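Novice: here is my input; please provide its structure:
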Amino acid sequence: MQRPILAIAEDFSKYEMLVYDLKKIFQQTIRFSQDKPTRKKDMLWYENLLEHSSIKDQVFFMAEQKKVDQNFYKFQLRCPSYCEKPIFRFDSDGSAHQNKSEKLKLQSVPTPHFNKFNNKGESIAYQTPELENIDYSELQRIGDFFVLFCEQCHLRYIDGTFPFIESGDTRIFQLPVQADDLLEGIKFPT
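Specialist: Coordinates of the predicted model:
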């Protein structure tokens with residue numbers, strides 16, 4: 001079991017402001033441009049300082065994605081001056097999170113899920129209704145998850161819209177777009 005984070009338990013109102021007040025990012029298109037700065041070289045990495053609407057502490061948005069499995073990625077918010085752990089996180093894949101709080105209806109939370117902290121500084125995983133109702137028989141657009149992350153933690157581009165995330169030259173995270181039927185009007189031999 002992970003230990004509670006004392007900084008969060010001692011100043012939970014600051015935690016709530018850090019996570020739930022508006023944060024702005026100054027790049028509309030976020031690009032994974034480097035390997036994760038650890039010994040693990042199988043992950044792509046992105047990090048950027050955010051402008052927080054109500055707190056002067058430095059708050060960072062970070063994203064990582066496996067090079068080989070693009071369905072495995074994380075989005076997170078960090079505030080190193082407040083605590084060393086991510087203060088809010090989204091996990092697309094991996095093992096289920098075991099909630100230890102007796103008050104939660106869901107003790108084992110499968111991925112994809114969000115991770116936040118309660119007022120005791122305990123890590124809590126949860127799913128939004130969108131995550132609870134995923135049809136795993138269909139591929140999910142990764143951009144949908146990124147938009148959910150931005151909605152949950154109030155992250156926006158400076159003009160109030162959601163930012164995009166790209167990996168290399170291929171845009172893998174974007175807002176849903178209505179695509180034209182490219183085969184419409186073509187007659188195929190029978």
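Novice: tell me the contacts of the spatially most central residue of the chain?
Specialist: Centre of the chain computed as the mean C-alpha position; nearest residue by CA atoms, centre = their mean is residue 75, 3.1 Å away. By CB atoms under 8 Å, 6 or more residues apart in numbering, residue 75 lies in contact with 61, 62, 63, 89, 90, 145, 146, 149. Quick note: C-beta positions are derived from backbone N, CA and C, even for glycine.
Novice: so which of those sit within strands?
Specialist: The members of the contacts of residue 75 that map onto strands under DSSP state E are 61, 62, 63, 89, 90.
Novice: partner residues bridging the last one?
Specialist: The bridge-partner assignment for residue 90, based on DSSP bridges, gives residue 75, residue 114.
Novice: need the contact list for it.
Specialist: Contacts of residue 90 (CB under 8 Å, 6+ apart): 74, 75, 76, 112, 113, 114, 115, 145, 148, 149, 152.
Novice: picking up where we left off before, how near is the residue nearest to the centre of the chain to residue 160?
Specialist: Using CB to CB, to the nearest Å, we find residue 75 at a distance of 19 Å from residue 160.
Novice: please apply the same query to residue 9.
Specialist: With CB to CB as the criterion, residue 9 and residue 160 are 33 Å apart.
Novice: between these two, which one's more packed in?
Specialist: residue 9 (15 against 8; other CB atoms under 10 Å).
Novice: quick check: mean pLDDT across stretch 134-147?
Specialist: Mean pLDDT, computed over stretch 134-147, is 65.
Novice: straight-line length of that stretch, end to end?
Specialist: Distance between the two ends of stretch 134-147: 15 Å, counting by CA to CA, to the nearest Å.
Novice: could you double-check that residue 28 lies in contact with residue 166?
Specialist: No. If you go by CB atoms under 8 Å, residue 28 and residue 166 don't touch, sitting 10.7 Å apart.
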